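[1] Just need the structure, nothing else, for what follows:
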Amino acid sequence: MTYEPREFGRVRNVMLLASAIAWALLLFDSGGKAMAVHCSMAAGAMPPGTSLRMFLAMNAPVPLAMGLALMLVAMMSLVLIAPICHIRLRSFRSRRTRSVALFVSAYATVWMALGFALLMFGLVASWIVPQSYLPAAAVAIVAPIWQISPIKQRCLNACNAHAQLSAFGAAADYSAIRFGLTHAIWCAGSCWALMLFPMLLSRGHLPAMAVTTFLISAERLEPPAIVCWRWRGLGQVARIAIAQARIRLNSQSVFRTIAQY
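    Residues are numbered from 1 along each chain as shown. Have a look, this model is predicted:
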């Protein structure tokens, strides 16, 4: 689907700004709120009941939810550019803001639920193997396998297949909410392993988050493909980089030729 360039640029700039602000807050916070699993890992050598009480004491629900929301904005804003453009293109001007808000709320609800599930997974892992990088190492093995799996491609294809939206009344609201929920589910199916890995690291989680964000954003640039076993994620980015390099080289060659004359 093609979008009106000015509209696409407007949405892109807003989402880039939101992501940049979230990353700045994470950096100033040193990743503390967003990476609350680290507290559970630090408490993993204690008895399970004590560890759980410490985890809950150090991570109250509201700050924990705010940290997860900050992670979500930082890492997933860029992949929402295309679906938000789709909603704005398919909605009447008077309903655009409402439809986008409903979509984003539904999308965030799914990812917040998944984020809490991933945090609980990290807590359980810390009880089983306290003070260990084994959980992160295990996910580092699983993530590449998931990355090349046919199921991953099926999820990516579904993320690129934007739903038809109703235009009027309650049906339009329901369409926006359903689109947000289904898009988030397919997105979570695609990204869960990549998202889990930084959450299991006691150190270097922000660089790992940055790499994960790049991979998630890069693979969304890929067009729908045949469901099969293959590596995916950087092909389109590499092609864009090569094309830009060729354009620059050709431009420099033209300037040098003109300068000779």
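[2] Every contact and neighbour count from this point should use C-alpha atoms.
    Noted.
[3] Run through the stretch 1-150 of the chain and note the low-pLDDT ranges.
    Residues of the stretch 1-150 of the chain that meet the criterion pLDDT under 70 lie in 1-3, 29-60.
[4] change it to 80
    Screening the stretch 1-150 of the chain residue by residue with the criterion pLDDT under 80, one finds the ranges 1-4, 29-64, 122-132.
[5] Helices of that one, start to end?
    5-29, 37-42, 48-58, 61-76, 81-90, 96-128, 134-148, 150-160 (DSSP state H, counting those that start in this stretch).
[6] list the buried ones in the last one?
    Within helix 150-160, the residues that count as buried by 16 or more other C-alpha atoms under 10 Å are 151, 152, 153, 154, 155, 156, 157, 158, 159, 160.
[7] Could you do the longest one as well?
    The neighbour-count check on helix 96-128 (16+ other C-alpha under 10 Å) flags 96, 99-112, 114-115, 118-119, 121-127 as buried.
[8] So which other helices or strands are in contact with it?
    helix 37-42, helix 61-76, helix 81-90, helix 169-199 (3 or more C-alpha pairs under 8 Å, 6 or more residues apart in numbering; DSSP states H and E).
[9] contacts for the second one?
    Which is helix 61-76. With contact meaning C-alpha atoms under 8 Å, 6 or more residues apart in numbering, helix 61-76 is reached by 18-23, 25-26, 33-36, 108, 111-112, 115, 209-210, 212-213, 217.
[10] quick one: it to helix 5-29, angle?
    If you take axes from the mean of the first three to the mean of the last three C-alpha atoms, to 10 degrees, helix 61-76 sits at 130 degrees to helix 5-29.
[11] got it, and the last one?
    Compare the direction of helix 169-199 with that of helix 5-29 by the same axes, to 10 degrees and you get 40 degrees.
[12] any idea how far residue 83 is from the residue most central in space within the chain?
    Geometric centre of the chain, nearest residue: residue 76, 3.2 Å, by C-alpha atoms, centre = their mean. Separation of residue 76 from residue 83 (C-alpha to C-alpha, to the nearest Å): 12 Å.
[13] Can you tell me which of the helices and strands packed on helix 96-128 is most buried?
    Among those, the stretch with the highest mean neighbour count (mean count of other C-alpha atoms under 10 Å) is helix 37-42, at a mean of 25.
[14] quick revisit: can you lay out the helices of the stretch 1-150 of the chain as a markdown table showing distance to residue 243?
    A markdown table is the format used below for these (distance: least, C-alpha to C-alpha, whole Å):
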| stretch | distance to residue 243 |
| --- | --- |
| helix 5-29 | 20 |
| helix 37-42 | 41 |
| helix 48-58 | 49 |
| helix 61-76 | 26 |
| helix 81-90 | 22 |
| helix 96-128 | 33 |
| helix 134-148 | 25 |
| helix 150-160 | 23 |
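[15] of all those helices, which lies closest to residue 249?
    Nearest to residue 249 among the helices of the stretch 1-150 of the chain is helix 5-29 (26.2 Å), distances taken as C-alpha to C-alpha.
[16] and the angle from the closest one to helix 81-90?
    140 degrees.
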